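1. Sequence first, predicted coordinates after that:
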Amino acid sequence: MLVYIYDGSFPGLLTAIYESYYRREKPEEILAQDQWQHTLFAQEVVIKTDEKKADKVYQAIKDKISGFAARNAYCVFLAEVPGAEMLIYNYLSRGWKLGAKLDFHLADEAVLQVHTVAKKVRQEAHRMLGLVRFRLLKHELYYAQIEPDHNILQMISPHFARRMADQNWIIHDVKRGLAAVYNQVEWVLTPLERPKTISLDETGLFYESLWQKYFSSIAIKSRKNLRLQRSFLPKRYWKHLVEMDESRSRFAESSVLSPQSPVKTYK
Amino acid sequence: MELLEKLEILANAAKYDVSCSSSGSTRKNKAGGLGNSYASGICHSWSEDGRCISLLKILLTNYCIYNCAYCVNRSSNDIPRAYFTPDEVAKLTVNFYRRNYIEGLFLSSAVITSPNHTMELLTETVRKLRNIHNFNGYIHLKAIPGADLELIKEAGSLVDRMSVNIELPSASGLKLLAPQKKQDLIIRPMDYIKLQIYEHKEERKISRKVSHFVPAGQTTQLIVGATPDTDLNILQLSEKIYKNYELKRVYYSAYVPVSEHPKLPQISQPPLLREHRLYQADWLLRFYGFRAEELLNESQPNFDLELDPKTNWALRNLHLFPVEINRADYETLLRVPGIGVKSAQRIIRARQVRAVTFDNLKKFGVVMKRAQFFITCRGKYGGQISLENKLLRQYLIAKPKPIQHSSPYEQLSLFNESVPSIPSEVMLSNLTGEL
């Protein structure tokens, strides 16, 4: 059994695809380092990430298949579901053969699976545009915590940089220890630990109570339909929504957030 | 009065306005400004009735000079009243927006003092938001019937969407329940907004400096079930409005019994299913190429509550079916029950590279429960029963059987408290061997 092991980054995965092509071999699995456990019968190949090779593959996807296919592959990568690497691998393998018409083959299992997963990721990213809840901290900083199923932080950040252009904000994916930090000029992606406590601004709490009041007043009692509500807004998201009971009293007072050095800068 | 209390009263008063969408506009943020709009709209939360919350939906005031029987805010109703100042609304909007609670503002109002005075207050609020707070998020503003058209024009150049409520589906209903409102008074601002949208669009072709006018278009709303109007009346009215006034949406609101009035019907529950059928039909008008008289006619003026409008139409037009999935054009596919816009597009795409099979259809999102009777795939018919069968209707209505729990048999378990219920004398005889 041939197993490719890469560093867990998207360029790493693309390098693996490059190597597979030029070595003329098909791995049975492609796994990130931290997911890999040694087994007796596997033949391991450690892939060293090479930006040049990765760029070549990415460009080839765009030229030989389509930009849409490249975006699909990236979405599936962000899904962080088990086996995502092989889904992408199989999808692109079909793509090298079928070319630009790849995404017309909706009945093809490899294409269908990638479409299904990519759709889930895009749906969650869109949903999160509405569900991010900023809380006003001291020093005019708007801070939001999210725990999305998929790693969609970098998909949603440009939207908030355009929209909340005149305020400082942090969107913190506490599940992955990752934060998008914006300073009214540019946003960066940086690792950030879950803060033990945060210090809220006093006036901010007033608007939170106004929002809770609004939320409970706007429902029409004689049309009450909790099942419908849950189907649009699954309960796993309620934890970070200030209007839901689940979110009350999660934060205590006073502490400082200290972002570490940024890993990537986006303008 | 406290802001909290005001918000409660005026949100309560506004909740019967159905519209919540924040779509259709592509307003961009300005340098140093706050907010932009998102073409497809964004929902920010869902309230307990399952309706989405996208905009901060409030009335400027619920003091009203009118006394419409169907409305909570009618002047004779004994409810707490309040009013916001334009500044309060602007501040509230901006602060909710900064926390990403909302996509923008949906501002409406009861009519205080006069239509002109009310419209002036509404416009002032919007002006403050745009000019002082540099707010570029979505704004949906109600146009007050009877207000000067110049006022409506100014408001229109500031907001993204405007709406005038038609309220009731017929002039006779209006006369009965809202004698102070006249249908032509409602139509006038609608017509005016349509013309202005058109004019601004033409002028913008020449110069980009001309401001947008209601870029997300206008909508309206009418109440279903408060008057004896049939679904056919309502649907024909919608069709006319879509055609003549180029509205983006007509919203239907099931009448919620908010008051007891001799002229109002006595109902305990709002007619939600009827409202749902109207929405389904509305979609058929706008996206599926149906006409109102295809869906309903004088002999059947109301929708079947058991079957959706499209399936119903198909049952009355069996001679058009079955259609071949691999050959039918897009318009024909759209008319098959169980096939929607998305799945029709997928079929068209997929069959360019390979013939589509029944198995594929399910994966494309086609509802096979309904579609199977009306289609063939590569010449094969896959329905459980043929189209001519008299039971077809029954098959389409049937709900999936719930799992039976009251089975006379039960799974044996070592640790069950209950011993299989065999009469004790039988057990005894089993033990002793005496039969």
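-> In hand now; what should we look at? Residues are numbered from 1 along each chain as shown, chains lettered A, B, ... in the order given.
2. show me what contacts the residue of the stretch 101-250 of chain B found nearest chain A?
-> Residue nearest to chain A within the stretch 101-250 of chain B: B:Tyr101 (5.3 Å; CB to the nearest CB). Glycine gets a C-beta too; all of them are placed from N, C-alpha and C. Applying CB atoms under 8 Å, 6 or more residues apart in numbering or on different chains, we find B:Tyr101 in contact with A:133, A:211, A:242-243, B:44-45, B:56.
3. Can you get me a residue count around residue 242?
-> All of this refers to chain A. A:Val242: 20 surrounding residues under other CB atoms under 10 Å in any protein chain shown.
4. My question was about chain B, not that one.
-> B:Tyr242: 17 surrounding residues under other CB under 10 Å.
5. which SS class is it?
-> At B:Tyr242 the chain is in helix, as set by DSSP: H, G, I helix; E, B strand; the rest coil.
6. hmm, back to that, right, and out of the contacts of B:Tyr101, which lies closest to B:Tyr97?
-> Minimum distance to B:Tyr97 across the contacts of B:Tyr101 is 8.2 Å, recorded for B:Leu56 (CB to CB).
7. so the closest one makes contact with B:Ile102?
-> Yes - counting by CB atoms under 8 Å, B:Leu56 does reach B:Ile102; the two are 4.7 Å apart.
8. Find residues that contact each of the two.
-> Common contacts of B:Leu56 and B:Ile102 (CB under 8 Å, 6+ apart): B:93, B:96.
9. Helices - which of the contacts of B:Tyr101 land there?
-> Among these, the members found in helices (DSSP state H) are A:Trp211.
10. What about the contacts of B:Tyr101, which are in strands?
-> B:45, B:56 (DSSP state E).
11. For my notes, please list the contacts of B:Tyr101 in CSV and give pLDDT for each entry.
-> Output for these, formatted as CSV (pLDDT from 0 to 100):
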residue, pLDDT
A:Arg133, 96
A:Trp211, 95
A:Val242, 92
A:Glu243, 92
B:His44, 95
B:Ser45, 95
B:Leu56, 95
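12. what about the longest helix in the chain?
-> I'll assume chain A. As assigned by DSSP H, the longest helix anywhere in chain A is helix A:109-131.
13. oops, I was thinking of chain B
-> Per DSSP H, chain B has its longest helix at helix B:183-206.
14. about what we covered before: A:Arg230: which of the contacts of B:Tyr101 is nearest?
-> Ranked by distance to A:Arg230 (CB to CB), the contacts of B:Tyr101 are led by B:Ser45 at 12.5 Å.
15. Quick one: residues contacting the residue nearest to that closest one when sequence neighbours are not counted.
-> Leaving aside its sequence neighbours, B:Ser45 sits nearest to B:Ile53 (CB to CB, 6 or more residues apart in numbering or on different chains; 4.4 Å). B:Ile53 makes contact with A:215, A:218, B:20, B:43-47, B:102 under the criterion CB under 8 Å, 6+ apart.
16. Which of those has the largest number of neighbours?
-> Neighbour count (other CB under 10 Å) singles out B:Ile102 as the most crowded of these, with 27 neighbours.
17. Which helix or which strand is home to that residue?
-> B:Ile102 belongs to no helix or strand when assigned by DSSP states H and E.
18. Break the chain down into its domains, please.
-> By default, I'm working from chain A. With domains defined by automatic domain parsing, chain A comprises A:2-124, A:132-266.
19. oops, chain B please
-> According to automatic domain parsing, chain B comprises the domains B:3-305, B:316-397.
20. Quickly compare those domains and say which is most buried.
-> domain B:3-305 (a mean of 19; mean count of other CB atoms under 10 Å in any protein chain shown).
21. So for the closest residue to chain A within the stretch 201-350 of chain B, what's the pLDDT?
-> When scored by CB to the nearest CB, the stretch 201-350 of chain B has B:Ala350 as its residue closest to chain A, at 4.2 Å. B:Ala350 carries a pLDDT score of 94 in this model.
22. swap in the one 5 residues further on?
-> With respect to pLDDT, B:Ala355 has a value of 93.
23. Tell me which stretches of the chain form strands.
-> By default, I'm working from chain A. Using DSSP E, the strands of chain A run over A:2-6, A:29-32, A:43-46, A:135-137, A:141-146, A:168-173, A:178-182, A:187-191, A:264-266.
24. not what I meant, chain B
-> Using DSSP E, strands in chain B cover B:45-46, B:52-53, B:55-59, B:104-108, B:138-142, B:161-163, B:218-224, B:249-254, B:323-324, B:375-377, B:380-381.
25. Using JSON lines, lay out these together with distance to A:Met86.
-> Formatted as JSON lines, those follow (distance: least, CB to CB, whole Å):
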{"stretch": "strand B:45-46", "distance to A:Met86": "36"}
{"stretch": "strand B:52-53", "distance to A:Met86": "37"}
{"stretch": "strand B:55-59", "distance to A:Met86": "44"}
{"stretch": "strand B:104-108", "distance to A:Met86": "43"}
{"stretch": "strand B:138-142", "distance to A:Met86": "42"}
{"stretch": "strand B:161-163", "distance to A:Met86": "46"}
{"stretch": "strand B:218-224", "distance to A:Met86": "47"}
{"stretch": "strand B:249-254", "distance to A:Met86": "44"}
{"stretch": "strand B:323-324", "distance to A:Met86": "37"}
{"stretch": "strand B:375-377", "distance to A:Met86": "31"}
{"stretch": "strand B:380-381", "distance to A:Met86": "34"}
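26. which residues are in contact with stretch B:117-135?
-> A:166, B:30, B:32-35, B:60, B:86-87, B:89-90, B:93-94, B:97, B:105, B:107, B:109-112, B:136, B:139, B:141-144, B:147-148, B:151-152, B:154-155, B:158-159.
27. my bad, stretch B:259-277
-> With contacts defined as CB under 8 Å, 6+ apart, stretch B:259-277 is touched by A:222-223, B:69-70, B:72, B:74, B:77, B:176-177, B:224-226, B:231, B:252-257, B:303-305, B:308-309.
28. quick check, distance from that stretch to the centre of its chain.
-> Offset of stretch B:259-277 from its chain centre (CA atoms, centre = their mean, to the nearest Å): 17 Å.
29. Same question for stretch B:181-189.
-> Offset of stretch B:181-189 from its chain centre (CA atoms, centre = their mean): 23 Å.
30. Next up, the contacts around residue 72.
-> You didn't say which chain, so I picked chain A. Contacts for A:Asn72 (CB under 8 Å, 6+ apart) come out as A:91, A:103, A:114-115, A:118.
31. my bad, chain B
-> B:Val72 makes contact with B:13, B:16, B:79, B:258-259, according to CB under 8 Å, 6+ apart.
32. The same query, at a cut-off of 6 Å, please.
-> Under the criterion of CB atoms under 6 Å, 6 or more residues apart in numbering or on different chains, the contact list for B:Val72 reads B:Val258.
33. Would you confirm that B:Gln196 contacts B:Phe213?
-> Yes - counting by CB atoms under 6 Å, B:Gln196 touches B:Phe213, with 5.1 Å between them.
34. shared neighbours, those two?
-> Taking CB under 6 Å, 6+ apart as the contact rule, B:Gln196 and B:Phe213 both touch B:Gly156.
35. need the contact list for the most far-flung residue of chain A relative to its centre.
-> Ranking residues of chain A by C-alpha distance from their mean position (CA atoms, centre = their mean) puts A:Ser222 at the top, at 38.2 Å. Going by CB under 6 Å, 6+ apart, A:Ser222 touches B:256, B:270.
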